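Visitor: Pasting a predicted model and its sequence here:
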Amino acid sequence: MTEEIIIAGFGGQGVLSMGKILAYAGLMEGKEVTWMPAYGPEQRGGTANVTVIVSDAPVSSPILSNYDTAIVLNQPSLEKFEPKVKPGGTIIYDGYGINEPPTRKDIEIYRIDAMDAAAEMNLIKTFNMIVLGGLLKIHPVVQIESVLAALRKTLPERHHHLIPKNEEAIRKGMEIIVKQ
Amino acid sequence: MADQEITLMKGNEAIAHAAIRCGCDGYFGYPITPQSEVLETLAAEKPWETTGMVVLQAESEVSSINMVYGGACTGKKVMTSSSSPGVSLMQEGISYMAGAELPALIVNVMRGGPGLGTIQPSQSDYFQACKGGGHGDYHLIVLAPASVQEMADFVDLAFTLAFRYRNPAMILADGAIGQMMEKVVLPPFKPRRTEEEIIKECPWATTGRVGMRKPNIITSLELRSEEMEIINNRIQDKYRKIEESEVRYEEFMLEDAEYAIVAFGSAARIAKKSIEVARAQGIKVGLLRPITLWPFPVKEVCKLAGQVKGILSLEINAGQMVEDIRLAVEGRIPVRHFGRLGGIIPDPDEVVDALKRLF
Amino acid sequence: MTREEIIEKGQVVYKKPTLLNDTPMHYCPGCSHGVVHKLVSEVIEEMGMTDKTIAISPVGCAVFAYKYIDVDWQEAAHGRAPALASATKRLWPDRLVFTYQGDGDLACIGTAETIHALNRAENITIIFINNAIYGMTGGQMAPTTLLGMKTATCPYGREVSLHGYPLKITEIAASLEGTCYVTRQSVHTVAAINRAKRALRKAFEYSMQGKGSNLVEIVSTCNSGWKMTPEKANKWMEENMFEFYHLGDLKDKGAEK
């Protein structure tokens, strides 16, 4: 199994850290993982994206031409990555950030209103975990337990009290993702 | 952190952890994107409290490389890291160290140039790293990692080679390898050498006249031309030995290949994916990945010229290593170059297209 | 009578320090370098640091200092000696580490390395020979060349509109938090030589006591570059150099309680 994922949105939406948690969870399951960010000033307000590959076999290229799954959290990212989803692949988009939804017929399209849910729950900072929950619902690339273990591993001790909130967010995402 | 722990980290972070673990005595550096995590990680790890490693942020790359020069004079395992514009500033010191025959490690996490250029990945410092860079007839031993694991592994390897030949070594990575995170098994802890061990292993080093031995003098200066030629010839003899003994490379799907891609570092990773795609389309292509860029795998490329119909040099630059491939091939088969510039990394499909278009 | 016979009879009133070897110096007759080399050698010997000293030589007239003083030497690139010294001292903290630099090396091309090494409070000593001219390359203008002074690159005399002002880098050094002892000396008379030696000893001792960085400037002559006899050069220095570069301690934090 190899899952090639692009996560793209605005800087500050937690795109890079969501990818990192996913990669770390894969690592905890003994998988091969690569996390390749588009780094630089984009991290501070512009568009941000990260390629995450989770595989049972060694990963060749960290840079990809097309993806199994694209998670797009704003309009420019959708425009950039919709054509790059493999036929039969998946797009997950956030309804808040996208005005013109994807149109391709040869891929599966899912909508997740993560921003609205995060606002409702008063947990804006867990927005990216809601999106991750949505991904894990439709593509269980890693187990939710591995994600929680990854959070324990990567979050500084002083933030460990936030892990239950993150779990809540992941489960919320699993609930609210809808096929279009 | 326990030995053999599998962890997820950036290439730059792996360099820092590997340095602490391989018994490095000192790191001297100056922040520059995309490699600042090396110094940041060292500062956070505080190795001066554990292994006793010195970590110092210098006032410039000029100063960092000269701190490395000073440290290397004393037989200590010292290193610096930077990215392209910073490494340009270091060329004076690198030339002095090559002339004075000193072991040290310089890491270049390349970004696109020329000038201030871009902070995105590039491999456009191949010439600078492999053909001299600074003034005078000299070579660095140049290692090109293609994964975060190799970033970690090559630190110790680079020091080993540097001390074996009393020559500066360089790890030539790029922004992609520096910034991406992968699974990495960190090397086990190796203690730093004691001062007594250094004095014994490096009888040439300026450690103070211990036991009132004759003074040791480290210099690259010799105004008498006849003497300077002798020194140069000795250094060139050393380079021939390195060329004979230290060539490292990886072969991938070359057995039945009709075409070959030669690529190093992150370009080699892209090449592997391209090869999967091309082979699915019936194009029999394989990869030769130079791990040492200097010494370059001349014999291996030469041999390849007897097997395949053409070689594609895939580089994230305007065509630099392609010159060494052509020298090795001696005109027997077509050698083409494909690359992207300005910090853009070619994607695997583009490489397959280039293969089809150029041959 | 041989030298050995004289020594046996206890008639030695003066001898050069053992650390100063017999290699003929390339310095011009009348140059201050020879005297400072001797003082440095004496101080190292008297401190019993011969086997624990690592010295850094510059690019400039003193580039070959390593040929004359029998300690371990590193020959730095132009201006970079304080960077080498910083790393060396941090890696070998119980060694006596000093640089020996001229005005072009220290106050021009190596200004950044000088200022930052001093301000990092590296436990080193910088010996600064200021003769207001580039001696080695044939008498060009230095950062410390006085206004009106003629050199190969200001043949009509240094003037502000063309060349700016001479640099008092020692005053800058004294203003840095990282420096412990900053002094300006000369070696043109026996009394001055004795004072300079005491200054060097103090600087070396402070650096071994971990009190911070130390700068000992020696205002010197360059009779070849100045195109004067040694005697005239000394006189010219007294009349002109000392007026701009005042002798004495600028800072002695080590002496404070």
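Guide: Nice, I can see it. Fair warning: this is a prediction, and the values are worked out from it, not measured in the lab.
Visitor: can you tell me the residue of chain B closest to chain C?
Guide: Nearest residue of chain B to chain C, counting by Cβ to the nearest Cβ: residue B:70, 3.0 Å away. All C-beta spots, glycine's among them, are computed from the backbone N, C-alpha and C.
Visitor: Give me the nearest residue to that residue, chain neighbours excluded.
Guide: residue C:84 (3.0 Å; Cβ to Cβ, 6 or more residues apart in numbering or on different chains).
Visitor: For the strand or helix carrying that neighbour, C-alpha coordinates in PDB please.
Guide: Assigned by DSSP states H and E, residue C:84 belongs to helix C:81-91. Presented in PDB, the C-alpha positions along helix C:81-91 are these (Å, rounded to 0.1, in the frame of the first residue of the first chain):
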ATOM      1  CA  ALA C  81      43.000  35.200  13.100                       C
ATOM      2  CA  PRO C  82      40.500  36.000  15.900                       C
ATOM      3  CA  ALA C  83      38.100  33.500  14.400                       C
ATOM      4  CA  LEU C  84      40.700  30.700  14.500                       C
ATOM      5  CA  ALA C  85      41.700  31.800  18.000                       C
ATOM      6  CA  SER C  86      38.000  31.700  19.200                       C
ATOM      7  CA  ALA C  87      37.500  28.200  18.100                       C
ATOM      8  CA  THR C  88      40.900  27.000  19.300                       C
ATOM      9  CA  LYS C  89      40.400  28.500  22.800                       C
ATOM     10  CA  ARG C  90      36.900  27.000  23.100                       C
ATOM     11  CA  LEU C  91      38.100  23.600  22.000                       C
END
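Visitor: what packs against the following helix or strand past it?
Guide: Scanning forward in sequence from helix C:81-91 by DSSP H and E, the next helix or strand is strand C:96-102. Secondary-structure packing of strand C:96-102 (3 or more Cβ pairs under 8 Å, 6 or more residues apart in numbering or on different chains; DSSP states H and E): helix C:33-46, strand C:53-57, helix C:81-91, strand C:125-130, helix C:190-208.
Visitor: redo that, cut-off 7 Å
Guide: Contacts defined by 3 or more Cβ pairs under 7 Å, 6 or more residues apart in numbering or on different chains; DSSP states H and E place strand C:96-102 against strand C:53-57, helix C:81-91, strand C:125-130, helix C:190-208.
Visitor: ok, the third one: who's next to it in the sheet?
Guide: For strand C:125-130, the paired strands and their directions (DSSP bridges) read strand C:96-102 (parallel), strand C:213-219 (parallel).
Visitor: coming back round to it: quick one, the helix holding residue C:84 and strand C:125-130 angle?
Guide: 170 degrees (axes from the mean of the first three to the mean of the last three Cα atoms, to 10 degrees).
Visitor: just the angle between helix C:81-91 and strand C:53-57, please?
Guide: 160 degrees.
Visitor: Tell me the buried residues in helix C:81-91?
Guide: Of the residues in helix C:81-91, C:81, C:82, C:83, C:84, C:85, C:86, C:87, C:88, C:89, C:90, C:91 count as buried by neighbour count, 16 or more other Cβ atoms under 10 Å in any protein chain shown.
Visitor: Closest one to residue C:215 out of those residues, please.
Guide: residue C:82 (10.1 Å; Cβ to Cβ).
Visitor: That closest one reaches residue C:115, doesn't it?
Guide: No: applying Cβ atoms under 7 Å as the test, residue C:82 and residue C:115 come out as separate, 8.7 Å apart.
Visitor: Next up, phi/psi of residue C:121, please.
Guide: Per-residue torsions, residue C:121: phi 60, psi 40 (degrees, to the nearest 10).
Visitor: Over to the residue of chain A most remote from its centre. Which of the three states is it?
Guide: Note on chain A: the largest C-alpha distance from the chain mean falls to residue A:158, namely 24.5 Å (Cα atoms, centre = their mean). Following DSSP: H, G, I helix; E, B strand; the rest coil, residue A:158 is assigned to helix.
Visitor: From chain C, how far off is it?
Guide: 33 Å (Cβ to the nearest Cβ, to the nearest Å).
Visitor: per-residue confidence at that residue?
Guide: Looking at residue A:158, its pLDDT is 93.
Visitor: Which of the helices or strands spans residue B:182?
Guide: For residue B:182, the host element (DSSP H and E) is strand B:181-185.
Visitor: Let me know the average pLDDT across that strand.
Guide: 96.
Visitor: Contacts for it, please.
Guide: Contacts to strand B:181-185, defined as Cβ atoms under 7 Å, 6 or more residues apart in numbering or on different chains, come from residues A:20, A:23, A:27, A:32-35, B:4, B:6-10, B:14, B:147-149, B:152.
Visitor: ditto for stretch A:126-133
Guide: By Cβ under 7 Å, 6+ apart, stretch A:126-133 touches A:13-15, A:17-18, A:21-22, A:71, A:94, A:112, A:114-115, A:117-118, A:147, A:165-166, A:169-174.
Visitor: filter the residues you listed to the buried ones?
Guide: Buried, going by 16+ other Cβ under 10 Å: A:13-15, A:17-18, A:21-22, A:71, A:94, A:112, A:114-115, A:117-118, A:147, A:166, A:169-174, out of those.
Visitor: in the stretch 201-350 of chain B, which spans are strands?
Guide: For the stretch 201-350 of chain B, strands defined by DSSP state E, counting those that start in this stretch occupy the ranges B:217-218, B:249-252, B:259-262, B:285-290, B:292-294, B:310-314, B:335-338.
Visitor: Now do the end-to-end distance for stretch C:119-138.
Guide: Stretch C:119-138 has an end-to-end distance of 32 Å (criterion: Cα to Cα, to the nearest Å).
Visitor: Enumerate the positions of that stretch that are buried.
Guide: Within stretch C:119-138, the residues that count as buried by 16+ other Cβ under 10 Å are C:119-136.
Visitor: Off-centre distance for stretch B:161-169?
Guide: 12 Å (Cα atoms, centre = their mean, to the nearest Å).
Visitor: ends of it, how far apart?
Guide: End residues of stretch B:161-169 are separated by 7 Å (Cα to Cα).
Visitor: Just the element for the nearest residue to residue A:124 once chain neighbours are set aside, please.
Guide: Excluding its sequence neighbours, the residue lying closest to residue A:124 (Cβ to Cβ, 6+ apart) is residue A:118, at 5.1 Å. Assigned by DSSP H and E, residue A:118 belongs to helix A:114-120.
Visitor: Show me what that helix is packed up against.
Guide: By 3+ Cβ pairs under 7 Å, 6+ apart, helix A:114-120 packs against helix A:127-138, helix A:163-176.
Visitor: Show me what secondary structure element comes after the longest one.
Guide: Stepping forward along the backbone from helix A:163-176, the first helix or strand reached (DSSP H and E) is strand A:178-179.
Visitor: ok, that next one: who's next to it in the sheet?
Guide: In the sheet, strand A:178-179 lines up with strand A:108-112 (antiparallel) (DSSP bridges).
Visitor: re earlier: now go through the contacts of strand B:181-185 and say which are in helices.
Guide: A:20, A:23, A:27, B:14, B:148, B:149, B:152 (DSSP state H).
Visitor: so what's the residue in the stretch 51-200 of chain C that chain B sits nearest to up against?
Guide: Distances between the stretch 51-200 of chain C and chain B by Cβ to the nearest Cβ are smallest at residue C:84, namely 3.0 Å. Each residue near residue C:84 by Cβ under 7 Å, 6+ apart is listed here: B:66, B:67, B:69, B:70, B:73, C:56, C:74, C:76.
Visitor: And it, what's its pLDDT?
Guide: 98.
Visitor: before we move on, what about residue C:13?
Guide: On the pLDDT scale, residue C:13 gets 82.
Visitor: Many thanks, have a good one.
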